[in-house]
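Enquirer: starting from these lines, generate the structure:
(one chain, ligands or ions: 1)
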Amino acid sequence: MPTLDEARRFQADCVVADLHAHPALKTEIVRRKFWERPSAHKEFAPTKLRTSLPSLDAGGINLLFSAVYVPEKKLRDDCWLVRPASWFTPGLARALKGAPFEVTCNMITGFEEAVAVANQRTDGRKAIVARSRAELETALADPARPMVVLHTVEGAHSLGGTLANLRTLFEQGVCMLTLAHFYPNGVSPPVAGVPRDHLIRKLGCFRWKPDLDATLPTLGESVVKAMLDWGMLIDLTHTTPPARRRIYEINQGRRPLVMSHVGSTRLFDDPMNASPTDIEAIVECQGLIGVIFMTDWLIGPHPTNADTLAQVVATIRALVDQGAEDCIALGSDFDGMTDPPDDLREPADIPRLTQALLESFTPEQVRKFIGGNALRALRAGWGR
Ligand SMILES: [Zn+2]
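Expert: I've put the predicted structure just below:
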């Protein structure tokens, strides 16, 4: 087994990418400071920031897809915990009250300000927000190797129902949109956003039942066609299987399609996860499957998060066996109000995963999984 230092040295000349994390949720909703790294913690701590700039730097991440998620209004009825949480969290109350498109734009600019402040405060590596392909290439060529931050948006409720708002987000530098999230949004129907048998369901939350036979509505077809024309990455995570199949038909293998934070149905058969149909279509368009760092999605709801790192490796092994070697990426979902693995608590722990991957795969394969594939698909899918 290579040592942790060897894994860190290996990463030093690789692109290390996370396709899906939520620092903006923590900086904008619960006012955490992007430059401040809290002590590492195993316990469920939904208000603590894990994807801080110092932790990302320590983990050697250099390409961060930062997902802006505006809490959906239906959450107030479907998860009773949200109301009391909003009494103590003014940022959450504001986000639930405002128009989703405006809240989305404010979260994007607010996070850019948080990055600027962090850059003044840090002695380590700086972060650069890349809002276009040209800015991405300039940042990647910078000899100081800054951490490149890209904006993505999770849930098309952020569009407020118009293509004009989609265009505005694209022009602001949003490189990827996750079409669905917890509830129907007029663009894509969702699967259940919380796994069956999960503890939070036993507490009476997330009772709403998705229609797993629902496919893409008319607005969804227009959004998908516009994104393919403009060169905005389409993230299929949370979208129903029939809607995903419709998008594969529309795309015809033209642009790389993404599932940014999922598991494989081989290990946990759930409509959220990548099935053989998804894998075949994503391989055909040279897209991406970002492996999530959550036991609940990797092997199903489970009493502990103790062995998740091994489950991530097993999921990658399954995807390789299914022919998806050139599509594998990492999609942690850190700071998505989730309970991360005990053995992958924050970005600083990524070298531990690299170490385990180097034990099981060739260096060339690991280079692709930890970021090489993500950069290749980003270049093919973003912009004309
Ligand atoms: Zn998600």
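Enquirer: so which residues make contact with the longest helix along the chain?
Expert: For the chain, the helix that runs over the most residues, judged by DSSP state H, is helix 100-121. Defining contact as Cβ atoms under 8 Å, 6 or more residues apart in numbering, one finds that helix 100-121 is touched by 23-24, 27-28, 33-35, 52-53, 66, 68, 70, 72-73, 94-95, 98, 126-127, 129, 149, 151, 153, 157-160, 165, 168-169, 172, 174. For glycine as for every other residue, the C-beta is placed from the backbone atoms N, C-alpha and C.
Enquirer: let's go with 7 Å and repeat that
Expert: Helix 100-121 is contacted by residues 23-24, 27-28, 34-35, 53, 66, 68, 70, 95, 126-127, 129, 149, 151, 153, 157-160, 165, 172 when judged by Cβ atoms under 7 Å, 6 or more residues apart in numbering.
Enquirer: report the mean per-residue pLDDT for that helix.
Expert: For helix 100-121, mean pLDDT is 97.
Enquirer: okay, buried residues for that helix please.
Expert: The neighbour-count check on helix 100-121 (16 or more other Cβ atoms under 10 Å) flags 100-101, 103-108, 110-112, 114-115, 118-119 as buried.
Enquirer: would you list every one of the helices in the stretch 151-300 of the chain?
Expert: Secondary structure of the stretch 151-300 of the chain (DSSP state H, counting those that start in this stretch): helices located at 163-171, 199-202, 218-230, 241-251, 276-284, 295-298.
Enquirer: lowest average pLDDT across these?
Expert: When I compare those, helix 199-202 is least confident, with a mean of 84.
Enquirer: circling back to that earlier point, for the longest helix of the chain, C-alpha coordinates in PDB please.
Expert: Provided in PDB are the C-alpha atoms of helix 100-121 (Å, rounded to 0.1, in the frame of the first residue of the first chain):
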ATOM      1  CA  PRO A 100     -35.700  31.300  -6.200                       C
ATOM      2  CA  PHE A 101     -34.000  32.900  -9.200                       C
ATOM      3  CA  GLU A 102     -33.100  36.100  -7.200                       C
ATOM      4  CA  VAL A 103     -31.900  34.000  -4.200                       C
ATOM      5  CA  THR A 104     -29.800  31.900  -6.600                       C
ATOM      6  CA  CYS A 105     -28.100  35.000  -8.100                       C
ATOM      7  CA  ASN A 106     -27.500  36.400  -4.600                       C
ATOM      8  CA  MET A 107     -25.900  33.200  -3.400                       C
ATOM      9  CA  ILE A 108     -23.600  33.100  -6.400                       C
ATOM     10  CA  THR A 109     -22.400  36.700  -5.900                       C
ATOM     11  CA  GLY A 110     -22.300  36.200  -2.100                       C
ATOM     12  CA  PHE A 111     -20.000  33.100  -2.500                       C
ATOM     13  CA  GLU A 112     -17.700  35.000  -4.900                       C
ATOM     14  CA  GLU A 113     -17.300  37.600  -2.100                       C
ATOM     15  CA  ALA A 114     -16.600  34.900   0.400                       C
ATOM     16  CA  VAL A 115     -13.900  33.500  -1.900                       C
ATOM     17  CA  ALA A 116     -12.300  37.000  -2.300                       C
ATOM     18  CA  VAL A 117     -12.200  37.500   1.500                       C
ATOM     19  CA  ALA A 118     -10.700  34.000   2.000                       C
ATOM     20  CA  ASN A 119      -8.000  34.800  -0.500                       C
ATOM     21  CA  GLN A 120      -7.000  37.900   1.600                       C
ATOM     22  CA  ARG A 121      -6.900  35.800   4.700                       C
END
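Enquirer: next SSE after it?
Expert: strand 127-129 (DSSP states H and E).
Enquirer: whatever helix or strand comes next after that following strand - contacts with which helices or strands?
Expert: Using DSSP H and E, the helix or strand that follows strand 127-129 in sequence is helix 133-141. Applying 3 or more Cβ pairs under 7 Å, 6 or more residues apart in numbering; DSSP states H and E, we find helix 133-141 packed against strand 147-154.
Enquirer: please pick the buried ones from the contacts of helix 100-121.
Expert: Buried among these by 16+ other Cβ under 10 Å: 23-24, 27-28, 34-35, 53, 66, 68, 70, 95, 126-127, 129, 149, 151, 153, 157-160, 165.
Enquirer: centre of the chain to stretch 343-362, how far?
Expert: 18 Å (Cα atoms, centre = their mean, to the nearest Å).
Enquirer: that stretch: end-to-end distance?
Expert: 23 Å (Cα to Cα, to the nearest Å).
Enquirer: for stretch 172-182, same thing?
Expert: 25 Å.
Enquirer: can you point out the buried residues in it?
Expert: Neighbour-count burial for stretch 172-182 [16+ other Cβ under 10 Å]: 173-182.
Enquirer: could you give the angle of the longest helix of the chain to helix 163-171?
Expert: 10 degrees (axes from the mean of the first three to the mean of the last three Cα atoms, to 10 degrees).
Enquirer: quick one, helix 100-121 and strand 147-154 angle?
Expert: Using the same axes, to 10 degrees, helix 100-121 lies at 160 degrees relative to strand 147-154.
Enquirer: what's next to the helix-or-strand element of the chain with minimal mean pLDDT, contact-wise?
Expert: Of all helical and strand segments in the chain, the minimum by mean pLDDT, DSSP states H and E falls on helix 199-202, at a mean of 84. Helix 199-202 has contacts (Cβ under 7 Å, 6+ apart) with 194, 206.
Enquirer: buried stuff in it?
Expert: residue 201.
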